[in-house]
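Asker: Pasting a predicted model and its sequence here:
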There are 2 protein chains.
Amino acid sequence: MSLVREMCVIGLGLIGGSLLRAATTAGRTAWGATESTVDVEAATVDGYDAGTDVAAALRRAAERDAMVVLAVPLTAVDDVLRQVGEHASGCLLTDVTSVKGPMLSSVRRLAPSARYVGGHPMAGTARSGWESGRSALFAGSAWVACVEEDTDLSAWAEVAELALEIGARVVPLPAAVHDEVVARISHLPHLLAAVLAGVGAQGGPLAATLAAGSFGDGTRVAGTRPELVRAMTEGNRDALLPILDEALGKLGAARGSLASTGGLAATINAGNQAIRTMEELRASKRAGVRVDLSAPEARDGLCALGERGGRITAIDGTVAIGEVA
Amino acid sequence: MSLVREMCVIGLGLIGGSLLRAATTAGRTAWGATESTVDVEAATVDGYDAGTDVAAALRRAAERDAMVVLAVPLTAVDDVLRQVGEHASGCLLTDVTSVKGPMLSSVRRLAPSARYVGGHPMAGTARSGWESGRSALFAGSAWVACVEEDTDLSAWAEVAELALEIGARVVPLPAAVHDEVVARISHLPHLLAAVLAGVGAQGGPLAATLAAGSFGDGTRVAGTRPELVRAMTEGNRDALLPILDEALGKLGAARGSLASTGGLAATINAGNQAIRTMEELRASKRAGVRVDLSAPEARDGLCALGERGGRITAIDGTVAIGEVA
């Protein structure tokens, strides 16, 4: 595997734009393409190699054996994958979309020869577009790199090295496990923020005048572009439905308890304890782990590490070095 | 009315402690008392006049005709009100608790001679205790000062002047209107944060590793001391139940739509539009309004201003000067 593989980023919004900056900063030769002329103009003004011809960018990737990173919204993925299949069919391919099972199916259908490793950097803001991006966006954040039964681990290692190079820590997971956990910690928060915003706005100008900390925090991501939120939540429908039911169950139990006994202790104490538990998990001491990527059980070892909340912090030859609580 | 009335603060946590600091900074003679020896010690070390003898602090308030501010949690209010009734029964009384209807009933029952004006500064954090407070906590924030049919407007003006003095803007409202809107923009956010924290924690160590922006924002207030959240939500039961039903209805509609058509456009677009509308309301140009506090319709004028999202920014003699979009 090579640390200096060139890189082609399709999509130059918040994530793709930040990745093009970060990879360039890290010393890679990297170029980007997107149909958004606004983003291309902004990236070019900032001195980056960017254009609107996605096919040309992919052909260049095929010629240079570059890594291709799809950073377009889920709704645009199929269209771009068709172009990958046409212009860069055998390339090392990864992506940054927030749903991994449906993405894997699309790749298998539309670009089956690509050496694909699903990716998802857990970094984002309510903003979007090239102008919102920055080179340091991924520093210290978690970056899921998917491991399936048929994943080529040398390709996986290259994707992991890219993430490590730009400051992220790599969490190896099967697509299905990824989709269930992001439904909990990303897609449900977006839906609750939308619901809270709707209930708040029913309070009219007075609600706008009085809304402060708790409402501002709870609705922050409701400002995200609706098409992005729709793409990720609707795209993760199967995993999201049971999580929505969990939330409805807990909120309904709170309602029932308040109506009957007047008490909310169970809901509030459990929520507070949950936050404390998660903070303790994040702060807990982590032990070193090594996974030999050339061993037959390497895929199981990586996934077991990720599913226990562990992460890879370095790759040394064919050994992935990680830590787990 | 006088700008230099002395002030006695009962309760020296985040809000009471910040108020004692802010009033002292503004030049008032102010003293505080609380049964929390931790807060008293910290306040004394910081150079403030604070003690653990609540009865003595109230007797001093009666002797000096000082304003008494109750800044204890709702669960402690009745006990302190009994002491007010005993030691400072005729005083000018206000409070900073987050539910105003039940508070008004308690005052009428336990300190009926007090000249009471309900108050609620819309400033807070997930932290608590004297050490979390700061003099500038209220700068730029909204401070509800309640107006009922029998409110003494000279007492109301004194409470409003205190809030203005320390940088807040005053929103005049009847207690019942306050309780309905805070159920929307404060109590519901706390319950949704608790529910989200609970669902997230079900994802175990992996959820803790991957949780980022949206989960962190959505659960921030779940870190608040549970007894404080219980006191305000359970204390506002009657207003909170229909708001909880609104939230359950919207979340259930999202669930139904995702399960049946696979679409979440209605929920997500409405949430995004709601946030934009509230931001526009906050940013909109405001026109000046004057309410003559000596006029017979003054109470109606104040409440109409508050219910339309307006606020008082100054008091000049017997005229309250405000602005409304």
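Answerer: Structure received.

Asker: which residues in the stretch 151-300 of chain A form strands?
Answerer: Using DSSP state E, counting those that start in this stretch, the strands assigned to the stretch 151-300 of chain A run over residues A:169-173, A:287-292.

Asker: and the residue nearest to the spatial centre of chain A, what are its bridge partners?
Answerer: For chain A, residue A:120 is the residue whose C-alpha lies nearest the centre (Cα atoms, centre = their mean; 2.9 Å). Bridge pairing for residue A:120 (DSSP bridges) gives the partners residue A:144.

Asker: Where do the helices of the stretch 201-325 of chain A begin and end?
Answerer: Using DSSP state H, counting those that start in this stretch, the helices found in the stretch 201-325 of chain A span residues A:204-210, A:213-219, A:226-235, A:237-260, A:265-283, A:298-307.

Asker: Need those in CSV (columns: distance to residue A:313 and mean neighbour count).
Answerer: The C-beta positions use only the backbone N, C-alpha and C, and glycine is treated the same way. Below are those laid out as CSV (distance: least, Cβ to Cβ, whole Å; neighbours: other Cβ atoms under 10 Å in any protein chain shown):
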stretch, distance to residue A:313, mean neighbour count
helix A:204-210, 45, 22
helix A:213-219, 30, 24
helix A:226-235, 27, 22
helix A:237-260, 28, 18
helix A:265-283, 15, 19
helix A:298-307, 11, 21
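
Asker: Pipe these into JSON lines and attach distance to chain B and mean pLDDT per row.
Answerer: What follows is the helices of the stretch 201-325 of chain A, written out as JSON lines (distance: least, Cβ to the nearest Cβ, whole Å; pLDDT from 0 to 100):
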{"stretch": "helix A:204-210", "distance to chain B": "3", "mean pLDDT": "95"}
{"stretch": "helix A:213-219", "distance to chain B": "4", "mean pLDDT": "93"}
{"stretch": "helix A:226-235", "distance to chain B": "5", "mean pLDDT": "92"}
{"stretch": "helix A:237-260", "distance to chain B": "4", "mean pLDDT": "97"}
{"stretch": "helix A:265-283", "distance to chain B": "3", "mean pLDDT": "94"}
{"stretch": "helix A:298-307", "distance to chain B": "6", "mean pLDDT": "96"}
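
Asker: about what we covered before: now do the residue nearest to the centre of chain A against residue A:102, distance only.
Answerer: From residue A:120 across to residue A:102, the span is 12 Å (Cβ to Cβ, to the nearest Å).

Asker: where does chain A have low pLDDT?
Answerer: A:1-4, A:125-126 (pLDDT under 70).

Asker: Please repeat the previous calculation with a cut-off of 80.
Answerer: Along chain A, segments meeting pLDDT under 80 span A:1-4, A:124-127.

Asker: For residue A:206, list the residues it contacts.
Answerer: Neighbouring residues of residue A:206 by Cβ atoms under 8 Å, 6 or more residues apart in numbering or on different chains: B:171, B:173, B:177, B:181, B:306, B:307, B:308, B:309.

Asker: Among these, which one lies nearest to chain A?
Answerer: Chain A lies nearest to residue B:309 out of these, by Cβ to the nearest Cβ, at 2.8 Å.

Asker: Deepest in the core, which of the strands of the stretch 151-300 of chain A is it.
Answerer: By mean neighbour count, with neighbours taken as mean count of other Cβ atoms under 10 Å in any protein chain shown, strand A:169-173 ranks first of those at a mean of 27.

Asker: Tell me if that one is near chain B.
Answerer: Yes - using Cβ under 8 Å from any Cβ of the partner chain, strand A:169-173 reaches chain B at A:171, A:173.

Asker: Can I get that strand as CSV, trimmed to CA atoms?
Answerer: The C-alpha coordinates for strand A:169-173 follow below in CSV (Å, rounded to 0.1, in the frame of the first residue of the first chain):
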residue,chain,number,x,y,z
ARG,A,169,-9.5,8.0,14.3
VAL,A,170,-10.8,5.0,12.4
VAL,A,171,-13.8,2.9,13.6
PRO,A,172,-14.0,-0.4,11.6
LEU,A,173,-17.7,-1.6,11.4
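
Asker: tell me what that strand is packed against?
Answerer: The contact analysis (3 or more Cβ pairs under 8 Å, 6 or more residues apart in numbering or on different chains; DSSP states H and E) places strand A:169-173 against strand A:142-146, helix A:153-165, helix A:298-307, strand A:311-316, helix B:204-210.

Asker: Tell me which of those lies nearest to residue A:251.
Answerer: The closest approach between residue A:251 and any of the helices and strands packed on strand A:169-173, judged by Cβ to Cβ, belongs to helix B:204-210 at 18.8 Å.

Asker: from the middle of its chain, how far away would the closest one be?
Answerer: How far helix B:204-210 lies from its chain's middle: 35 Å, per Cα atoms, centre = their mean, to the nearest Å.

Asker: same deal with stretch A:21-36?
Answerer: For stretch A:21-36, the separation from the chain centroid amounts to 18 Å (computed by Cα atoms, centre = their mean).

Asker: what's next to that stretch, contact-wise?
Answerer: With Cβ under 8 Å, 6+ apart as the test, stretch A:21-36 has contacts from A:4-13, A:16-17, A:20, A:40, A:43, A:46, A:48-54, A:56-58, A:60, A:72, A:129-130, A:133-138, A:162, A:165-167.

Asker: now do stretch A:302-313
Answerer: A:142, A:144, A:147, A:156, A:160, A:164, A:169-174, A:177, A:281, A:286, A:289, A:291, A:320-325, B:204-206, B:208-209.

Asker: Can you list the buried residues in stretch A:17-37?
Answerer: For stretch A:17-37, burial by neighbour count (16 or more other Cβ atoms under 10 Å in any protein chain shown) applies to A:17-24, A:26, A:28, A:30-36.

Asker: which residues touch residue A:129?
Answerer: A:13, A:14, A:17, A:36, A:38, A:39, A:42.

Asker: CSV please, covering those residues and showing secondary structure.
Answerer: CSV is the format used below for those (DSSP: H, G, I helix; E, B strand; the rest coil):
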residue, secondary structure
A:13, coil
A:14, helix
A:17, helix
A:36, coil
A:38, helix
A:39, helix
A:42, helix
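
Asker: Show the buried residues in these.
Answerer: Taking 16+ other Cβ under 10 Å as the criterion, what is buried in these is A:13, A:14, A:17, A:36, A:39, A:42.

Asker: quick one: which of these is nearest residue B:252?
Answerer: Taking Cβ to Cβ as the measure, residue B:252 sits nearest to residue A:14 out of those, at 31.6 Å.

Asker: Can you tell me the closest non-neighbouring residue to residue A:180?
Answerer: residue A:239 (4.9 Å; Cβ to Cβ, 6 or more residues apart in numbering or on different chains).

Asker: Can you name the element that comes right after whichever strand or helix holds residue A:79?
Answerer: Residue A:79 is part of helix A:74-87, with elements assigned from DSSP states H and E. As assigned by DSSP H and E, the chain's next helix or strand after helix A:74-87 is strand A:92-95.

Asker: Which strands border that next one, and is each parallel or antiparallel?
Answerer: strand A:67-70 (parallel), strand A:115-117 (parallel).

Asker: Nearest to residue B:273, out of those strands?
Answerer: Ranking the strands paired with strand A:92-95 by proximity to residue B:273 (Cβ to Cβ) places strand A:67-70 first, at 29.8 Å.

Asker: want to try TSV for the helices and strands packed on strand A:169-173, with distance to residue A:226 as columns?
Answerer: Output for those, formatted as TSV (distance: least, Cβ to Cβ, whole Å):
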stretch	distance to residue A:226
strand A:142-146	24
helix A:153-165	28
helix A:298-307	31
strand A:311-316	32
helix B:204-210	23
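
Asker: Between these, which one is closest to residue B:77.
Answerer: Taking Cβ to Cβ, helix B:204-210 is the member of the helices and strands packed on strand A:169-173 nearest to residue B:77, at 37.2 Å.

Asker: that older thread, tell me which of the helices of the stretch 201-325 of chain A sits nearest to residue B:275.
Answerer: helix A:213-219 (5.8 Å).

Asker: Which elements pack onto that closest one?
Answerer: helix A:188-201, helix B:188-201, helix B:213-219.

Asker: Now do the contacts for whatever residue of the stretch 1-150 of chain A ends up closest to chain B.
Answerer: Scanning the stretch 1-150 of chain A for proximity to chain B using Cβ to the nearest Cβ identifies residue A:122 as nearest, at 4.5 Å. For residue A:122, the contacting residues are A:141, A:142, A:143, A:144, A:186, B:210, B:211, B:212, by Cβ under 8 Å, 6+ apart.
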